[in-house]
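**Student:** Pasting the sequence and the predicted model now:
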Amino acid sequence: FRYYYPSGEVSSIIEHVNRRAAYVTFYFKNTEVMSEGFYKDKLRDSLWLNYNREGLTLSAERFKNGKLHGKRVVFYLRNQLERGDLKILSETTYKDSLKEGPYRTFFSSEKLKEKGQYRMDLKEGVWESFSADGTLVSISRYKAGKLHGWIEFYDSPGIRIDRTLYQNGERL
């Protein structure tokens, strides 16, 4: 099936695999692909890829029963077209469309920028931040999405320079 914008450009194409599943491609008005993936029982399922108007890859995400479920990866746009580089900006794990599990962000150099965990869409446990050269900048602790425990800051040689104590989001 083909669907069209009122102006006549194709807005989507649906290719039915069987009665329960279909491969769908959505388009921008400039004919570039906006997103593509599978529907199962009329809900997004498995891997979906998303693009911008110039055709660069924005993200790859997994769905189950219409909800984000699994890893969602967001990419840097810079250098995709010129060099074909597809570098990861962030990785987030989801369960039933809530952040659940590991989270990481990266510098464009591909070095780790931040890492931590989510539980029920809230930051939980130890989170670490790093500088562009890979040295530790800070360690934060969270409980149910609120700062809880010592927040520590480090200088470039890795020596602790400051720390602040939090309890349930309140600075002590």
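**Tutor:** Yep, it's here. Residues are numbered from 1 along each chain as shown.
**Student:** Name the SS class of I13, please.
**Tutor:** Following DSSP: H, G, I helix; E, B strand; the rest coil, I13 is assigned to strand.
**Student:** Could I get the contacting residues of it?
**Tutor:** 1-3, 24-25, 27 (CB atoms under 8 Å, 6 or more residues apart in numbering). No exception for glycine: its C-beta is placed from N, CA and C like everyone else's.
**Student:** Most widely separated two among those?
**Tutor:** Pairwise distances across those peak at 13.5 Å for F1 and Y27 (criterion: CB to CB).
**Student:** So between these two, which is more surrounded?
**Tutor:** Higher neighbour count among F1 and Y27: Y27, with 20 against 9, using other CB atoms under 10 Å.
**Student:** residues touching that one, list them.
**Tutor:** With contact set as CB under 8 Å, 6+ apart, Y27 has these partners: 9-13, 33-34.
**Student:** mind redoing it with 7 Å?
**Tutor:** Residues in contact with Y27 (CB atoms under 7 Å, 6 or more residues apart in numbering) are 10-12, 33-34.
**Student:** top of those by neighbour count?
**Tutor:** Among the contacts of Y27, the one with the most neighbours (other CB under 10 Å) is M34, at 18 neighbours.
**Student:** my guess is it contacts V24, does it?
**Tutor:** No. Using CB atoms under 7 Å, M34 is not in contact with V24; the gap is 10.5 Å.
**Student:** Specify the local secondary structure of L49.
**Tutor:** With three-state DSSP as the basis, L49 sits in strand.
**Student:** can you check the one 4 residues further on too?
**Tutor:** With three-state DSSP as the basis, the three-state label of R53 is coil.
**Student:** which residues sit in contact with it?
**Tutor:** 28, 30, 32.
**Student:** can we see that at 10 Å?
**Tutor:** With contact set as CB atoms under 10 Å, 6 or more residues apart in numbering, R53 has these partners: 28-30, 32, 34.
**Student:** Identify the residue nearest it in space, chain neighbours excluded?
**Tutor:** Leaving aside its sequence neighbours, R53 sits nearest to F28 (CB to CB, 6 or more residues apart in numbering; 5.2 Å).
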